[in-house]
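Chemist: What shape does this take:
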Amino acid sequence: MNNKNIAPFLVRIGLGVVVLWFSISQISNPDKWASLVPEYLKFINPIILIYLNGALEAILGVLFLLGFFTRITALLFSLHLIPIMFSLGYGHAAVRDFGLCLSSLSLVFSGSGNWTLVNFIKRKN
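Modeler: Residues are numbered from 1 along each chain as shown. Sure, this is the predicted structure:
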């Protein structure tokens, strides 16, 4: 077992769980999240934006967990977080998102590692 395989696995699983948790929270309780929609996006119903964001994050979270298209998923998630961080301003949520963004960027450069569903299926065949 190589530490180079463990690190991307742990980052992927951590990001996948956190992103899925947030997506489930947004989809199950969009009213709670609607107040975080920035003013420049309020020409669209904030509840619809929260549902769309929750759906996007659910897809990204599952892709992280499975290790599919990890570099692309991580890049999309990082780019997704940048405007969110700036719209939140300096505070605990923006700092949290900054950490998630850098964790995601680490996967852009490292890839998914060997512990993915695709590699598991390949080994079975």
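
Chemist: can you pull the contacts of residue 118?
Modeler: Going by C-beta atoms under 8 Å, 6 or more residues apart in numbering, residue 118 touches 66-68. All C-beta spots, glycine's among them, are computed from the backbone N, C-alpha and C.

Chemist: Next step: the residues you listed restricted to helices.
Modeler: residue 66 (DSSP state H).

Chemist: Take the contacts of residue 118 and lay them out in JSON lines including neighbour count.
Modeler: Shown next, in JSON lines, are these (neighbours: other C-beta atoms under 10 Å):
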{"residue": "66", "neighbour count": "17"}
{"residue": "67", "neighbour count": "24"}
{"residue": "68", "neighbour count": "14"}
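
Chemist: Closest to residue 76 out of the contacts of residue 118?
Modeler: residue 68 (12.5 Å; C-beta to C-beta).

Chemist: which stretch of helix or strand covers the closest residue to that closest one other than its chain neighbours?
Modeler: Of all residues not flanking residue 68 in the chain, residue 118 sits nearest, at 6.7 Å (C-beta to C-beta, 6 or more residues apart in numbering). Element membership for residue 118 (DSSP states H and E) is helix 117-124.
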